[in-house]
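Peer 1: Everything below, folded, please.
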Amino acid sequence: MHRFCAPSLGAILLVATTSFMASVSAEPSKNEASVLVKAMCSLGSTQYQQYQKYSGIQSGVLMLSYKNVKGTELPWHSQSVINTACVIFGHITAPRKNDVKDIMIDPDDVLVEMVSALHHGHTSDEAVELIVFYAGTPPLPWVIRKGA
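Peer 2: Numbers count the residues shown, from 1 in each chain. Here you go, the predicted structure:
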């Protein structure tokens, strides 16, 4: 098993600042996802022992930057773990499959995403960047695509 320990706080801030500055300066030319942080332990390489004590399984965190070009239709998917998202720029609509309710997400919105609920997203006439933070316990997948 690979262990991904958190980098120094300075490195985290540098990655986050670089990502933010890059996103402000240019629209993405293609859809992309990049890992900002993936950790199975905290700063100083201390494992998340309290979670392991109760579940018997090592937990971890993952932070991704999703950049989507205008007119993107994301596939239907769900998450199996707790996660939150923040829209850096752009607007995205996230319809839920079970009740066809559209959730509009705007810049600076922070939301707890839908766990175990099938949904997808689509952008309109502008690009979107989301920063998503996942907290989970491997081997649970962070995201489950419909049909997977």
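Peer 1: Just want to check the distance between H77 and L43.
Peer 2: 31 Å (Cβ to Cβ, to the nearest Å). Every C-beta, even on glycine, is put in place using the N, C-alpha and C of the backbone.
Peer 1: can you check D99 too?
Peer 2: 41 Å.
Peer 1: okay, these two: which has more neighbours?
Peer 2: L43 (12 against 7; other Cβ atoms under 10 Å).
Peer 1: Could you pull up phi and psi at the more buried one?
Peer 2: Main-chain torsions, L43, degrees, to the nearest 10: phi -50, psi 140.
Peer 1: pLDDT score for it?
Peer 2: pLDDT for L43: 72.
Peer 1: cool, and the one 3 residues further on?
Peer 2: The score at T46 is 72. That number is its pLDDT.
Peer 1: That one and H120: what is the separation?
Peer 2: 37 Å.
Peer 1: likewise A85?
Peer 2: To H120, A85 is 14 Å away according to Cβ to Cβ.
Peer 1: quick one, which of those two is more surrounded?
Peer 2: Neighbour totals were compared for A85 and H120, and A85 leads with 20 against 17 (other Cβ under 10 Å).
Peer 1: For the more buried one, which non-adjacent residue is closest in space?
Peer 2: V132 (4.6 Å; Cβ to Cβ, 6 or more residues apart in numbering).
Peer 1: Identify the residues contacting the one you found.
Peer 2: M63, L64, Y66, N83, T84, A85, C86, E113 (Cβ atoms under 8 Å, 6 or more residues apart in numbering).
Peer 1: Would you agree it falls within a strand?
Peer 2: Yes - according to DSSP: H, G, I helix; E, B strand; the rest coil, V132 belongs to a strand.
Peer 1: Please point out which parts of stretch 113-128 sit buried.
Peer 2: Buried residues in stretch 113-128, counted by 16 or more other Cβ atoms under 10 Å: E113, M114, H119, H120, G121, T123, A127, V128.
Peer 1: Noted, bye for now.
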